[in-house]
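Trainee: compute the structure for the input listed below.
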Amino acid sequence: MIETRELVHEYDGVRALDGVSLTVADGEFLVLAGSNGSGKSTLIRHWNGLLEPGSGAVLVDGTEVQEDLVAARTRVGMVFQNPRDGFVAATVGADVAFGPENLGLARSEIDRRVEEALAAVNLGGRGDERIEALSGGEQERLAIAGALAMEPAHLVLDEPFTGLDEPARVAVLDHLDALRRAGTGVVVVTHDLRDVLDLADRLVVLADGQVVRDGEPESVALSGLGVRPPC
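Mentor: This is a model prediction of the structure:
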């Protein structure tokens, strides 16, 4: 479980988050929406300790994130908007192995995780391929595989559809649906609700650093919030 309690964060004296309280349950598929500058990315970067609260608290499984960063980053896997910015190796397999290697796992366990993560995103058997040769959609799926190899309780994706053509978008949505059905919690951060809302258990909308909507997707009014509604 991820808990955010009265979270405040400022950039140069300007509040990006203004008293945000939010709980994300294990296994929940949550869509976190809002216009650019609403505070979405700032919020999720607190969930694995990339940012520290100005005030308030963020807890993962009951422990404050800053008290155990390794546990938080193991439980909450992040996929950022530009996946190529997060790649740390030249080949597909080496990149997915990086996270488990840093946990100090046995080689056999690392190999198992890499194989299963790549299979989950339809990249099985392609571990020796160079990342630069992958398409944009394949790179997005590789970034998801890298997060899955950490076996997180929650997979958090920041604007995962940006720059993807329609076939790649559909492929990523299919994989997120499969993860949801397998019991992994999924949080999709987006300003564009096309397609993804059909998968969601819950929709939360931020505006000006505050939660302004929170409920079942079909019950949430979106007018005037700078969010692209589903088709």
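
Trainee: okay, CA-based contacts and neighbour counts for the rest of this
Mentor: Fine.

Trainee: any weak-confidence spans in this protein?
Mentor: 229-231 (pLDDT under 70).

Trainee: which stretches in it count as helices?
Mentor: Applying DSSP state H to the chain gives helices spanning 40-47, 69-75, 92-102, 107-120, 136-148, 166-182.

Trainee: restricting to C-alpha, output the fourth one in PDB.
Mentor: Output in PDB follows, covering the C-alpha atoms of helix 107-120 (Å, rounded to 0.1, in the frame of the first residue of the first chain):
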ATOM      1  CA  ARG A 107      22.700 -15.200 -10.800                       C
ATOM      2  CA  SER A 108      20.000 -17.800 -11.200                       C
ATOM      3  CA  GLU A 109      17.400 -15.600  -9.600                       C
ATOM      4  CA  ILE A 110      18.500 -12.600 -11.800                       C
ATOM      5  CA  ASP A 111      18.200 -14.800 -14.900                       C
ATOM      6  CA  ARG A 112      14.800 -16.000 -13.900                       C
ATOM      7  CA  ARG A 113      13.500 -12.500 -13.400                       C
ATOM      8  CA  VAL A 114      14.900 -11.200 -16.700                       C
ATOM      9  CA  GLU A 115      13.400 -14.100 -18.600                       C
ATOM     10  CA  GLU A 116      10.000 -13.700 -17.000                       C
ATOM     11  CA  ALA A 117      10.000  -9.900 -17.300                       C
ATOM     12  CA  LEU A 118      10.900 -10.000 -21.000                       C
ATOM     13  CA  ALA A 119       8.300 -12.700 -21.700                       C
ATOM     14  CA  ALA A 120       5.600 -10.600 -20.000                       C
END
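
Trainee: start the count at 77 instead of 1 going forward.
Mentor: Sounds good: first residue 77 from here, last item helix 183-196.

Trainee: grab the most central residue of the protein for me.
Mentor: By CA atoms, centre = their mean, the mean C-alpha position of the chain lies nearest to residue 232, the distance being 1.4 Å.

Trainee: thank you kindly, that will do.
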